[in-house]
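>>> How does the following fold in three dimensions:
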Amino acid sequence: MSTAIAAPVDRLLYKPEEAAEALSLGRSTVYELMAEGALKYIKLGRTRRIRRADLEAFVAHLATLPN
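Just a heads-up that it's a prediction; the model follows:
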């Protein structure tokens, strides 16, 4: 009997907890970034979702420190 391993889903929308995992940040840090406006999100009813493009834009605009 073989076990099929599901391929990771290429999501378009992330829950804040999922975004935190993708960014290797804490959940509360993601909520703080959203509150500051540093990380864009959308509201669907009472829930918040973060678009993949907004996660990528956030990472692209992070400043790198010189070595």
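
>>> Give me the nearest residue to the residue nearest in space to the middle of the chain, chain neighbours excluded.
Central residue of the chain (C-alpha atoms, centre = their mean): residue 19, 2.4 Å from the mean position. Spatial nearest neighbour of residue 19, excluding adjacent residues (C-beta to C-beta, 6 or more residues apart in numbering): residue 50 at 4.6 Å. Any C-beta I mention is one placed from the backbone N, CA and C, and that applies to glycine too.

>>> related to what we said a few turns ago, distance from the chain centre to the helix or strand that contains the residue nearest to the centre of the chain, please.
Using DSSP states H and E, residue 19 falls within helix 16-23. Centre-to-centre, helix 16-23 and its host chain are 4 Å apart (C-alpha atoms, centre = their mean, to the nearest Å).

>>> The nearest residue to residue 18 once chain neighbours are set aside: how many residues sit nearby?
Closest residue in space to residue 18, ignoring its immediate chain neighbours: residue 11 at 7.3 Å, by C-beta to C-beta, 6+ apart. Residues lying near residue 11 (other C-beta atoms under 10 Å) number 15.
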